[in-house]
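K.L.:
Okay, sequence plus prediction incoming.
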Amino acid sequence: MNTDRGARQSSIEDTGLDRRWRPKRSFIARATGRLKERTDPAAPPLPTPDVQLRRGAAKVGPIFIVGCQRSGTSLLRRILDSHSRIACPPESQFLLPLVEILQGRTASVDHKYVSGLASMGYDRASVEASLAGFISGFFDGYARAQGKERWADKSPLYVDCLAELRAIFGSRVRIILLIRHGLDVAFSLSDADRDYPAIHRYVEAAGGNVPVGAGRFWADQNKKIEVFRSSCPDVCFRLRYEDLTRDPESSLQPMFEFLDEPWEPDVMDYGRFTHHRGFEDPDVRRRRRIEVNSGRYLAWPSEVQDLVRQACEPLLTELGYGPDL
């Protein structure tokens, strides 16, 4: 059976048939989407942030929304931002270069930056606390400007720095891990009208097969998420996209309880609230409410579904997305 699947994959890669199975929206569909897109205001200018706050000074920890690309993080960002106590801007992305101080990714020697600071007398804990103060200064200022008590941030890119977020912000950090059916994610990432640089190397490794490469990317990202969740379960809440869209109240209430925030039903009607524009999935600006958006991968022929499912396994089944779903 595996031999047959391997032969089919080789055939698809060699003949370029994978390009046929990249979903492409019609001109009318794209134009209609543009017309539906809401125009969000820009955030007003803010004063220079107070970056003196230290990790232990905050009463509540920050919130991070993390998930593989195309898993619904932009939707969840707007839901959280609709809460009376939580401000969640579009993706800031400015944490990523700061986290590299701890990761040492761009250094020729591991932990070069931390080691350099150690030569000045600063240990790793001091660096982490200082980063917490620096980052929180910006986000606290943003939250105060919105009249809110707490901040959140979201980015699929944080999949690669979950451990560092836990180290910087300590045990009070709260991380919402959003998961979605791997085939639906792969279908979305295969959109012929969009380019997702994050999947390029996976597509190249799959011989140019975009759906299979997207499936492998999903598996890799969610494996990282699961490894972190297993090591730090106390700061994590896993939310299934399908549950969020099919039964919002039942899935969101436990999430806000985990965040130690009161339940506010109005968050489900996030389209009523103002959200600042910035970097996020443009599709979220075209919707005014939570909508079921699952099973689109069924538009693929069965042989393509089989190949993408194979690329996502065994994690796909382990996360509850068996062949019957």
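P.N.:
Alright, I've got the coordinates. Numbering: from 1, shown residues only.
K.L.:
D269 - how many residues pack around it?
P.N.:
Other residues within reach of D269, judged by other CB atoms under 10 Å, total 14. For the C-beta atoms, the positions are set from N, CA and C on the backbone; glycine is no exception.
K.L.:
you'd agree it is up against R287?
P.N.:
No. Counting by CB atoms under 8 Å, D269 sits too far from R287 to count as a contact (11.9 Å).
K.L.:
Can you work out which residues contact both of these two?
P.N.:
Residues within reach of D269 and of R287 at once, by CB atoms under 8 Å, 6 or more residues apart in numbering: there are none.
K.L.:
mind listing the helices for the stretch 101-250 of the chain?
P.N.:
112-118, 124-145, 162-169, 182-189, 200-205, 210-231, 241-246, 248-258 (DSSP state H, counting those that start in this stretch).
K.L.:
for this structure, which spans come out with low pLDDT?
P.N.:
1-38, 43, 46-58, 104-115, 282, 284-286, 325 (pLDDT under 70).
K.L.:
Strands along that one, start to end?
P.N.:
63-67, 86-87, 150-154, 174-179, 236-240 (DSSP state E).
K.L.:
between the ones you listed, which one is nearest to E318?
P.N.:
strand 174-179 (11.0 Å; CB to CB).
K.L.:
partner strands of the closest one, parallel or antiparallel?
P.N.:
Here strand 174-179 has these sheet partners by DSSP bridges: strand 63-67 (parallel), strand 236-240 (parallel).
K.L.:
So which of the ones you listed is the most surrounded?
P.N.:
When the strands paired with strand 174-179 are scored by mean count of other CB atoms under 10 Å, the highest mean neighbour count falls to strand 63-67 (a mean of 25).
K.L.:
Name the surrounding residues that touch it.
P.N.:
73, 76-77, 80, 86, 88, 150-156, 158-159, 162, 165, 173-180, 225, 241, 259.
K.L.:
now with 6 Å?
P.N.:
73, 76-77, 152-154, 156, 158-159, 165, 174-178 (CB atoms under 6 Å, 6 or more residues apart in numbering).
K.L.:
Quickly name whichever of those is closest to D123.
P.N.:
L165 (19.3 Å).
K.L.:
tally of neighbours for the closest one?
P.N.:
L165: 22 neighbours (other CB under 10 Å).
K.L.:
now swap in P262 and tell me
P.N.:
10.
K.L.:
Would you mind giving the strands paired with strand 174-179 as JSON lines with distance to R144 added?
P.N.:
Shown next, in JSON lines, are the strands paired with strand 174-179 (distance: least, CB to CB, whole Å):
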{"stretch": "strand 63-67", "distance to R144": "16"}
{"stretch": "strand 236-240", "distance to R144": "25"}
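K.L.:
between the ones you listed, which one is nearest to F273?
P.N.:
Of the strands paired with strand 174-179, nearest to F273 by CB to CB is strand 63-67, at 16.6 Å.
K.L.:
how far does that closest one sit from the chain's center?
P.N.:
Put simply, strand 63-67 sits 6 Å off its chain's centre (CA atoms, centre = their mean, to the nearest Å).
K.L.:
next one: stretch 169-177
P.N.:
With CA atoms, centre = their mean, you get 15 Å for stretch 169-177.
K.L.:
and that stretch, how far apart are its ends?
P.N.:
17 Å (CA to CA, to the nearest Å).
K.L.:
that older thread, between the strands of the chain, which gets nearest to A311?
P.N.:
Nearest to A311, of these and by CB to CB, is strand 174-179 at 16.4 Å.
K.L.:
which outside residues touch the closest one?
P.N.:
Contacts of strand 174-179 (CB under 6 Å, 6+ apart): 61, 63-67, 71-73, 76, 225, 229, 235-240, 259.
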